[in-house]
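Engineer: here's my sequence, what's the structure:
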Amino acid sequence: MMLRRLLVFIPLVIFVTVAAFLWRGLQLDPAELPSALIGKPVPAFSLSSVFDENTLLTQEQLKGKPALLNVWATWCPTCKQEHEQLNRIARNEGVTIYGINYKDDRAKAQDWLTRYEDPYVLNIYDDKGLLGLDLGVYGAPETYILDKDGIIRYRHVGEVNEKVWAKLRGLMQDLEGSGS
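Structural biologist: Predicted coordinates for the structure are as follows:
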């Protein structure tokens, strides 16, 4: 008899447990995926420039001042949406933006940057996606904040729009103010 009463509560306990996990999941921001690289340098790489396959770029060139590192591609519709915003950030606010052209065609990327303007100080051609893999990229676009030493301080997955930029700007200003 006691066992029957106990068995009645098992579905209730399972339901409450599943509901608690689902409730917790609804509280998470899907644009804030955790990254094991926060607080670590950009992974080592040696890849060519989008505009010149004979020019090799490395992680050392991403140092000097706080910057955005933006993963983009011509096949990515959200990248097209955010591109105008990136141009405004670079042009109007003087923010250094580095690009990683992710799993793309070099000629299409060059045409894109010529047609829609180029907000990037450097543009790394990651045609095989190996740097993206090392960064833990889920897909384009993704944007990282780097400090002056090339250390990853923040990761944003998705479009950089006005609202997102307001948050990123504050984080960048904190880095500039702290001398990092």
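
Engineer: check the residue lying closest to L130 once chain neighbours are set aside and give its pLDDT.
Structural biologist: Nearest residue to L130 in three dimensions, chain neighbours excluded: F45, at 7.5 Å (CB to CB, 6 or more residues apart in numbering). Glycine gets a C-beta too; all of them are placed from N, C-alpha and C. pLDDT recorded at F45 is 98.

Engineer: below-threshold pLDDT in the protein: ranges please.
Structural biologist: 1-3, 5-13, 15-35, 178-180 (pLDDT under 70).

Engineer: returning to what we had before: quick one: the residue nearest to L130 and Q61 touch, right?
Structural biologist: No: using CB atoms under 8 Å, F45 is not in contact with Q61, being 10.2 Å away.

Engineer: of those two, who's got more company?
Structural biologist: When F45 and Q61 are compared for neighbours, F45 comes out ahead with 17 against 14, by other CB atoms under 10 Å.

Engineer: identify the residues contacting the more buried one.
Structural biologist: Contacts for F45 (CB atoms under 8 Å, 6 or more residues apart in numbering) come out as L57, T58, Q59, I124, L130, L131, D134.

Engineer: got phi/psi on the second one?
Structural biologist: Pointing back at T58 there. Backbone geometry at T58, expressed as degrees, to the nearest 10, gives phi -130, psi 170.

Engineer: against G158, how distant is the residue lying closest to it once chain neighbours are set aside?
Structural biologist: In this structure, T58 finds its nearest non-sequential neighbour in S46, 5.3 Å apart by CB to CB, 6+ apart. If you measure S46 against G158 using CB to CB, to the nearest Å, the figure is 28 Å.

Engineer: with neighbour numbers in mind, choose between those two.
Structural biologist: Counted by other CB under 10 Å, S46 and G158 do not tie: G158 has more neighbours, with 20 against 11.

Engineer: that one touches P141, doesn't it?
Structural biologist: Yes: counting by CB under 8 Å, G158 touches P141, with 6.7 Å between them.

Engineer: return every residue with contacts to both of these two.
Structural biologist: T78.

Engineer: for G150, the count of nearby residues, please.
Structural biologist: 18.

Engineer: next: V160.
Structural biologist: 24.

Engineer: from what I can see it touches R88, true?
Structural biologist: No: counting by CB under 8 Å, V160 stays clear of R88, with 10.2 Å between them.

Engineer: can you show me the strands along this protein?
Structural biologist: 46-48, 56-58, 67-72, 97-102, 122-126, 142-146, 152-157 (DSSP state E).
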